[in-house]
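[1] Quick check, what structure comes out for this input:
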Amino acid sequence: MSFKRLFPLLILVFGLSGFGNSSFAQHEENHEIASVEGAESAHEEKKGINITKLVFGHVSDSHEWHLFGLKDEHGHEKEIAFPLPMIIYRPGKGLSFMSSSHFHFDHEHESADGKMLSTEYDGLYIEKQMKEKVLAVDGSKVYDLSITKNVLSMLFGVVILLWLMTSAAKKYKKGAIVAPKGFQNALEVVVIFIRDEVAKPNLGNKYVKFMPLLLTIFFFIWVNNLLGLLPGGANFTGNIAVTACLALIAFVVMMANSNKHFWSHLLNPPNVPFLVKCLLVLIEVMSLCIKPVALMIRLFANMLAGHIVILSVICLIFIFALLNVYVGGGFVIVSLAFSIFMFMLELLVAAIQAFIFANLTAVFIGQAMEEGHHDEEHGEAIHI
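    So this is what the prediction gives:
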């Protein structure tokens, strides 16, 4: 199998094994009403696991940091989670500070379209399905500025990144020229790799100017990808809002460093008939807008798909266990072996995704900075 065919598979398996230690022991008692037209309703109790809730509850953002679920002696489910601070702004009422522990979800509270609704507090409630949304009871506008799970994970990543980089930088500030060792040596290898394989080939002599940006993008994504592998970690880089902000930063830098040659070829391709030129300009403008979208979707889709795939594979243990306890027990070995193998791949994928984002950022900036060739500017033909 070629690398090009294997690569999409590698990026699909990113980042969920850390959560396999916590969430998969949750079994629910579901009551379904089976009704037949013209007959009386009958109640049938079934044991099952809500795969949709389990998977999307993990990959989505939340106002609390959920760890795992337990069942008490009465069979009632109890979730072990840390409440997070909520910051809510309402026009006319100003800022409100509260804890997410004031909002509780009950399976009996559900909207007509299947969304779970929390208890009310201070005129607010949380609506949860694919994501959580804070709403006002009276229907007024609400701006949610809360420290959610993804936001807190990002802050952890920033603190870790600053600590690692400042620790290595202090050794260089001492002034003594000595061979790097330990973490400093490992960090220098990565920095040189980004310089020689990403910055120089795409940015030429101007690569030094963009090295801080490329290194920040690479290490920020890499560190947060690795944090997602920890038990109870957050799916930070699998959030489209996060990847959209990173792509927007890359796009702004690209536009800020674009030159006259870039815009002239974009809006007025030389030596092209007028009708063809109109079509080319439309295509080039669309291509320009697609570049940040491609950056955004690539990282988001790969991270999200990896979490869903791994979590679904581990859920097969409980699906088979509901069919037969011996089949489920036998599949545990297969699932754990596959999860360990995927975890090894995820360590590689965490760095690959960071490298791809940094490399494409350098490619796009380099295209915007590219100077026109002498022969092309004068319309000279090359004769053989």
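[2] all contacts plus neighbour counts: C-alpha atoms, from now on.
    Noted.
[3] in the chain, which spans are helices?
    When assigned using DSSP state H, the helices of the chain occupy the ranges 3-12, 51-59, 149-173, 183-194, 200-203, 207-227, 240-256, 260-267, 274-323, 325-369, 374-377.
[4] what angle do the third one and helix 240-256 make?
    Meaning helix 149-173. Relative orientation of helix 149-173 and helix 240-256, computed by axes from the mean of the first three to the mean of the last three Cα atoms, to 10 degrees: 50 degrees.
[5] Buried residues, helix 149-173. List them.
    Judged by neighbour count using 16 or more other Cα atoms under 10 Å, the buried positions of helix 149-173 are 149-154, 157-158, 161, 168.
[6] tell me the angle of it relative to helix 183-194?
    Going by the same axes, to 10 degrees, helix 149-173 makes 100 degrees with helix 183-194.
[7] so how far is residue 63 from residue 214?
    In this view, residue 214 and residue 63 are 32 Å apart by Cα to Cα, to the nearest Å.
[8] Sketch out the low-pLDDT regions of the stretch 151-300 of the chain for me.
    175-180 (pLDDT under 70).
[9] go with 90
    Applying pLDDT under 90 to the stretch 151-300 of the chain flags the ranges 164-189, 204, 206, 225-241, 259-278, 280-281, 284, 298-300.
[10] hmm, back to that, could you point out which of the buried residues of helix 149-173 is nearest to residue 322?
    Closest approach to residue 322 among the buried residues of helix 149-173 (Cα to Cα): residue 149, at 31.9 Å.
[11] how about that closest one, what does it touch?
    For residue 149, the contacting residues are 61-65, 84, 234, by Cα atoms under 8 Å, 6 or more residues apart in numbering.
[12] Going by neighbour count, which of the residues you listed comes out on top?
    Sorting these by how many neighbours each has (other Cα atoms under 10 Å) puts residue 234 first, at 31 neighbours.
[13] For stretch 272-291, list every residue counted as buried.
    277, 280-281, 291.
[14] any chance of those residues in a markdown table, plus distance to residue 344?
    Below are the buried residues of stretch 272-291 laid out as a markdown table (distance: Cα to Cα, whole Å):
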| residue | distance to residue 344 |
| --- | --- |
| 277 | 50 |
| 280 | 45 |
| 281 | 45 |
| 291 | 31 |
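[15] Max pairwise distance over those: which two?
    277 and 291 (21.0 Å).
[16] What is the neighbour count of residue 115?
    Neighbour count for residue 115, taken as other Cα under 10 Å: 16.
[17] Distance check, the nearest residue to it once chain neighbours are set aside against residue 117.
    Leaving aside its sequence neighbours, residue 115 sits nearest to residue 129 (Cα to Cα, 6 or more residues apart in numbering; 5.1 Å). Applying Cα to Cα, the value for residue 129 to residue 117 is 9 Å.
[18] ok, those two, which is more surrounded?
    For residue 129 versus residue 117, neighbours defined as other Cα under 10 Å are more numerous around residue 117 (22 against 16).
[19] Would you check that the more buried one makes contact with residue 103?
    No. Taking contacts as Cα atoms under 8 Å, residue 117 lies outside contact range of residue 103: 9.3 Å.
[20] Spell out which residues are contacts of both of those two.
    Shared contacts of residue 117 and residue 103, defined by Cα under 8 Å, 6+ apart, comprise 125-126.
[21] Which pLDDT value does the model give residue 20?
    The model reports residue 20 with a pLDDT of 33.
[22] follow-up on the earlier one: nearest to residue 144 among the buried residues of stretch 272-291?
    Nearest to residue 144 among these, with distances taken as Cα to Cα, is residue 291, at 29.7 Å.
[23] List the contacts of that closest one.
    Residue 291 neighbours (Cα under 8 Å, 6+ apart): 251, 364.
[24] residues in contact with the residue nearest to the spatial centre of the chain?
    Nearest to the mean C-alpha position of the chain, by Cα atoms, centre = their mean, lies residue 238 at 1.7 Å. Contact analysis of residue 238 by Cα under 8 Å, 6+ apart lists 59, 299-304.
[25] Relative to residue 304, how far out is it?
    5 Å.
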